[in-house]
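Visitor: Predicted model follows, preceded by the sequence.
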Amino acid sequence: MNPEGKHTVAIVDDHSLFARSLEKLINSFSDFKVVFHAKNGVELQKKIEKRSVLPQLILLDINMPVMDGFETAEWLTLNHPEIKVLALSMEDDEQTILKMLRKGVKGYLLKDIQPQILNTALKELLEKGYYHSEKVSETLLHSLTPDEEGRIIDFKENELTFIKLACSEMTYKEIADIMDLSPKTIDGYRQDLFKKLKIKNRVGLVIFALKKNLIQL
């Protein structure tokens, strides 16, 4: 927290007008204060190196010059894991979200959100350690709470291997080659696991694996 008793936030976005508007919005929230903003990952690194107190939260864009959101998220995860990173982007495709989660972001928001959702996201990120917008959650996290429903999930060894490989950027064909199985068998694993875990796609599988500590970032 800063001397005013507010939680500190940094913005990383190459669009200055958007960043200034976002800063004004966040500063209007009772619990948060923007301490600086950077235009890309390299500028963020330089600003962090000069600061004795780091921001608690970082709002991170993806498409930026010099050092994009993927590289920046990976650098933050490796060097400052204590900082909670929330991706804020116009990109809503599955592969982009999957890649950002793998790089270590703790939440993913689309830029068309309402102000109150952003305020809630910042609070939950601090309290719970992660946040996903309702729009993304409905698509990617449908019924992703099997153990909270009291069910015991018993994975076979090959299923665990498949889950770990599927959380990488490998194609299903590459996974089949590594596991020395046919693509048809791998497709069967995928369908069975999606049904068992009540998830709809590969991103849901990654988030499940992260939540249950089946993989490490």
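Guide: In hand now; what should we look at? Numbering: from 1, shown residues only.

Visitor: show me what contacts the nearest residue to residue 129 once chain neighbours are set aside?
Guide: Leaving aside its sequence neighbours, residue 129 sits nearest to residue 106 (Cβ to Cβ, 6 or more residues apart in numbering; 6.2 Å). To be clear about C-beta, it is placed using only N, CA and C from the backbone, and glycine gets the same treatment. Going by Cβ atoms under 8 Å, 6 or more residues apart in numbering, residue 106 touches 84, 85, 86, 125, 129, 130, 131.

Visitor: In JSON lines: the residues you listed, plus distance to residue 193 and pLDDT.
Guide: Below are the contacts of residue 106 laid out as JSON lines (distance: Cβ to Cβ, whole Å; pLDDT from 0 to 100):
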{"residue": "84", "distance to residue 193": "29", "pLDDT": "94"}
{"residue": "85", "distance to residue 193": "28", "pLDDT": "95"}
{"residue": "86", "distance to residue 193": "28", "pLDDT": "95"}
{"residue": "125", "distance to residue 193": "28", "pLDDT": "91"}
{"residue": "129", "distance to residue 193": "25", "pLDDT": "84"}
{"residue": "130", "distance to residue 193": "22", "pLDDT": "81"}
{"residue": "131", "distance to residue 193": "25", "pLDDT": "83"}
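
Visitor: Sitting in helices, which of those residues do you find?
Guide: Among the contacts of residue 106, DSSP state H puts residue 125 in helices.

Visitor: Most neighbours of all the contacts of residue 106, which one?
Guide: Within those, residue 85 tops the neighbour count with 26 neighbours, counted by other Cβ atoms under 10 Å.

Visitor: circling back to that earlier point, just the contacts of residue 106 now: which is nearest residue 72?
Guide: residue 85 (8.4 Å; Cβ to Cβ).

Visitor: Surely residue 188 is in a helix?
Guide: Yes - counting by DSSP: H, G, I helix; E, B strand; the rest coil, residue 188 is found in a helix.

Visitor: burial measure for it, as a count.
Guide: That count, for residue 188 with other Cβ under 10 Å as the rule, works out to 12.

Visitor: Then residue 51?
Guide: There are 12 residues near residue 51, going by other Cβ under 10 Å.

Visitor: now for the helix or strand containing residue 78, which elements pack on it?
Guide: In this structure, residue 78 sits in helix 69-79 according to DSSP states H and E. Applying 3 or more Cβ pairs under 8 Å, 6 or more residues apart in numbering; DSSP states H and E, we find helix 69-79 packed against helix 41-50, strand 57-60, strand 84-89, helix 94-103.

Visitor: Strands along this protein, start to end?
Guide: Counting by DSSP state E, one finds strands in the chain at the ranges 7-12, 32-38, 57-60, 84-89, 107-110, 131-132.

Visitor: ok, and which of these has the densest surroundings?
Guide: The highest mean neighbour count among the strands of the chain, using mean count of other Cβ atoms under 10 Å, belongs to strand 57-60: a mean of 26.

Visitor: which other residues reach that one?
Guide: 7-13, 22, 32, 44, 69, 72-73, 76, 83-88, 105, 122, 125-126.

Visitor: Could you please name the strands it pairs with and the direction of each pair?
Guide: If you go by DSSP bridges, strand 57-60 pairs up with strand 7-12 (parallel), strand 84-89 (parallel).
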